[in-house]
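with the input below, show me the fold.
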Amino acid sequence: MTEEEILVRERAGNVLVARLNRPAARNALNPELMTAIGAALLDAEADPEIRALILTASGDRIFCPGMDLRAFADGAEMNGGADAPRRAYQRLLEGGAHVPVVGAANGTALGGGMELLLACDVIVASEAAKFGFPEVKRGLFPAGGGLAIGTRIPFAAAMELVLTGDPVDAARAREIGLVNCVVPPDQVLPAALELAGRIAANAPLGLLAAKELLRLTVTDPEQAAVRGKEWAQRVFTSEDAKEGAVAFVEKRAPVWRGR
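The predicted structure is shown next:
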């Protein structure tokens, strides 16, 4: 299948929607799909008109079940990759996307699919979805960034999720802070678009700084302090900072330049 077929892209104003589209494989991750996701991220980052990226999937039952085991059994390279899109995909998993990323979990996310959702900054979930890391039931462990879940939800809840391998339903996921909101299945994408729109209305530099520093404050406080000073110099002296103040005084919507 072509890149366009396995990952369908759509524009909605300043938001790029990327939809996993491997229905025959339940949207499982293979090298081609990971490459397509990385390419979509690179394109979103390169386009100044794109202010947010939504990751969702086809259908209303499965977001992504994780790694394509058939591809893995056939010897496909599931980790790493030297080309730019595969490096971008890995950077996404590490929380390094240069645009805000909204997860629209139209259905269940397991294993690598859950890791892909965790790469998102905020998550809208279907009330019919389930979430989990079944790797320990298969003799593995969440090696694609899943263990960072302990920085997103309470430690005891993270341990239970990872060590039992049992999934949680959407209500429990919302209760422990794994997802931001839970909506009926047919409202997942509209709710994600509304949330992405509210994010995209804000200043690009401020968003990028906030994304990086929020994550670093949790994972590496010392580096957060260093990067905080660097970002403060760049953001508070930017054209957008001046525009934000002028727009407030003039009682109008700001026009952001991203610089």
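
where does the prediction get shaky in the protein?
Applying pLDDT under 70 to the chain flags residues 1-4, 69, 71-81.

can you do 90?
1-5, 59-60, 67-82, 138, 143-145 (pLDDT under 90).

those helices in it, which residues are they?
Ranges of helices within the chain are 3-6, 31-46, 69-73, 84-93, 112-118, 155-164, 170-175, 188-200, 204-219, 221-236, 239-249, based on DSSP state H.

point out the most buried one among those.
helix 112-118 (a mean of 26; mean count of other Cβ atoms under 10 Å). Glycine gets a C-beta too; all of them are placed from N, C-alpha and C.

turn the helices of the chain into CSV, columns for distance to residue 140.
Listed next are the helices of the chain as CSV, based on distance: least, Cβ to Cβ, whole Å:
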stretch, distance to residue 140
helix 3-6, 24
helix 31-46, 18
helix 69-73, 11
helix 84-93, 16
helix 112-118, 10
helix 155-164, 11
helix 170-175, 22
helix 188-200, 29
helix 204-219, 23
helix 221-236, 30
helix 239-249, 44
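
out of these, nearest to residue 257?
Of all the helices of the chain, it is helix 239-249 that lies closest to residue 257, at 5.2 Å by Cβ to Cβ.

which one of the helices of the chain lies closest to residue 62?
Taking Cβ to Cβ, helix 112-118 is the member of the helices of the chain nearest to residue 62, at 8.1 Å.

quick one: contacts of the closest one?
27-29, 37, 55, 63-67, 92-93, 103, 105, 109, 123, 131-133, 142, 144-146, 148-149, 152 (Cβ atoms under 8 Å, 6 or more residues apart in numbering).

and what of stretch 241-258?
48, 202, 203, 204, 205, 235, 239, 240.

next, give me the two most distant ones among those residues.
48 and 235 (16.7 Å).
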